[in-house]
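Participant: from the sequence below, what's the structure:
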Amino acid sequence: MSVVTPPQAARRADRAADGARASVAEWLRRPRPPLAPPRWLAILATALGGIALLGIPLVNPSYINLTVTLVMIWTVVGLGLNLLVGFGGQVSLGHSAFFAIGAYAVAVGGELGIPHPATLLVAGMLPFAVGYVIGLPALRLHGLQLGLVTLALAMATPAAIRAFEPLTHGSRGIAIDADPPSWVPLAHDQWIYYLALAAAVVAYLATRRLARGRLGRSFVAVRDAELVAETLGVNVWQTKTRLFATSAAYAGVAGGLYAMLLEFVGPENFNLALSISFVTLIVVGGLATVPGAVLGALFVQYVPTFTSSVSPAATGAAYGVVLIVFAFFLPFGLVGLARGALGKVVDRLPGRRG
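Facilitator: Below you'll find the predicted structure:
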């Protein structure tokens, strides 16, 4: 009969603990397919979620409407950026620039007397055009080079806003009257909430269709193997440029809504930290996933609110720590975590799937 000495028992316990840690890390990093709920559950969840979203601004105070509206605005940005980074494989650290263009399109358009719902169209079209022009030369770069170009774009945005003072009013900013039309019986916060909800729903459905359709497959093909995609007949540069411009349009519409919500825009609203929060949004939510934009938007809206109450510098530190943790342990973001936690439960539910 062998005798286990205390050092041997300690080593065995360490090996067991190492195995448990390795298995947990492997489980967290494992890729998983999307959840496949039965139709009755999908319809029920959609109906209840729709009723809740429509009713929120009517029963809650304005400060809650403000935060929920911001979540929907970040969702629109995240959907567009995830198309570019997650599905297209292109690095962008400069989406705050397109966000600013959309915001100033609404502000300047309002000063010119254009109705604000119409200025949102300009807030989408103008960043699309700028993104297309920038994308033509920039997307011939890859990886770090492209990231540096877009980073420079974000860093130059506040200075560019101040440089165009006759149009943007420089550091003084522009006040915006974004109250609803007289025939709309809503307060300002409710009006912007429903505009943001409509934009988020349209962006979500459009992104989901793009991701699942032929264009989405071409995006992924270009991301994974450009030469193979080109051999199969995909126009790589045109695909990448259009994707970059479309992602910029998403950011522009979100920026327009942001300006209407705050009723003021100034260069300090569009600093580099805003672009970093956009990148954090898609990494935390889950790259190349449509629902990940919603989960990431919830994170960037509510976590900084908590961390800033602890320390003014805690938000930046939290972003850094979270990005490192997700890069090493949760590469598929909160969506991957939710799929792993709920997958078996959802698969056991009865009902027809399709």
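
Participant: please count neighbours and contacts with C-alpha atoms only from this point.
Facilitator: Fine.

Participant: now do the same contact list for the residue minimising distance to the centre of the chain.
Facilitator: Nearest to the mean C-alpha position of the chain, by CA atoms, centre = their mean, lies Gly78 at 1.3 Å. By CA atoms under 8 Å, 6 or more residues apart in numbering, Gly78 lies in contact with Phe278, Leu281, Ile282, Ala293, Val294, Gly296, Ala297.

Participant: could I get the buried residue list for the strand or helix carrying it?
Facilitator: Assigned by DSSP states H and E, Gly78 falls within helix 62-82. The neighbour-count check on helix 62-82 (16 or more other CA atoms under 10 Å) flags 62, 65-66, 68-82 as buried.

Participant: before we move on, what about stretch 24-38?
Facilitator: Of the residues in stretch 24-38, those with enough neighbours to count as buried (16+ other CA under 10 Å) are Leu28, Arg29, Leu35, Pro37, Pro38.

Participant: now do the contacts for the second one.
Facilitator: What it means is Arg29. So Arg29 contacts Phe329, Leu330, Pro331, Phe332 (CA under 8 Å, 6+ apart).

Participant: skipping its backbone neighbours, what lies nearest the last one in space?
Facilitator: So that's Phe332. Gly286 (4.9 Å; CA to CA, 6 or more residues apart in numbering).

Participant: tell me, how many residues neighbour the one you found?
Facilitator: 27 (other CA atoms under 10 Å).

Participant: would you turn the buried residues of stretch 24-38 into CSV with secondary structure, pLDDT and distance to Arg242?
Facilitator: As requested, these are exported to CSV (DSSP: H, G, I helix; E, B strand; the rest coil; pLDDT from 0 to 100; distance: CA to CA, whole Å):
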residue, secondary structure, pLDDT, distance to Arg242
Leu28, helix, 80, 34
Arg29, helix, 83, 32
Leu35, coil, 87, 30
Pro37, coil, 90, 33
Pro38, coil, 91, 35
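
Participant: quick check, nearest of the residues you listed to Thr315?
Facilitator: Nearest to Thr315, judged by CA to CA, of these is Leu28 at 24.7 Å.

Participant: my read: that closest one touches Phe329, true?
Facilitator: Yes: look at Leu28 against Phe329 with CA atoms under 8 Å: they come within range, at 6.1 Å.

Participant: so which of the contacts of Arg29 are in helices?
Facilitator: Judged by DSSP state H, those include Phe329 as members of helices.

Participant: show me which pair in the contacts of Arg29 is furthest apart.
Facilitator: Maximum distance among the contacts of Arg29 (CA to CA): 8.9 Å, for Phe329 and Phe332.

Participant: looking at those two, which is more packed in?
Facilitator: A count of neighbours by other CA under 10 Å puts Phe332 above the other of Phe329 and Phe332, at 26 against 16.

Participant: how near is that one to Pro33?
Facilitator: Applying CA to CA, to the nearest Å, the value for Phe332 to Pro33 is 11 Å.

Participant: ok now the helix holding Gly78, how far from the chain's centre?
Facilitator: For helix 62-82, the distance from its own C-alpha centre to the chain's C-alpha centre is 9 Å (CA atoms, centre = their mean, to the nearest Å).

Participant: packing partners of the following helix or strand past that helix?
Facilitator: As assigned by DSSP H and E, the chain's next helix or strand after helix 62-82 is helix 95-111. Counting by 3 or more CA pairs under 8 Å, 6 or more residues apart in numbering; DSSP states H and E, the packing neighbours recorded for helix 95-111 are helix 116-138, helix 143-163, helix 165-168, strand 174-175, helix 236-262, strand 264-265, helix 272-285.

Participant: before we move on, the earlier item: next, format the buried residues of stretch 24-38 as JSON lines and append distance to Trp183.
Facilitator: Below are the buried residues of stretch 24-38 laid out as JSON lines (distance: CA to CA, whole Å):
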{"residue": "Leu28", "distance to Trp183": "52"}
{"residue": "Arg29", "distance to Trp183": "52"}
{"residue": "Leu35", "distance to Trp183": "43"}
{"residue": "Pro37", "distance to Trp183": "41"}
{"residue": "Pro38", "distance to Trp183": "42"}
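
Participant: pull the helix or strand with minimum mean pLDDT from the chain.
Facilitator: Ranked by mean pLDDT, DSSP states H and E, the helix or strand of the chain with the weakest confidence is helix 6-29, at a mean of 57.

Participant: and stretch 91-102, how far out from the chain middle?
Facilitator: For stretch 91-102 - counting by CA atoms, centre = their mean - the centre lies 12 Å from the chain centre.

Participant: nearest residue to Arg339 in space, please, no chain neighbours.
Facilitator: In this structure, Arg339 finds its nearest non-sequential neighbour in Leu35, 6.2 Å apart by CA to CA, 6+ apart.
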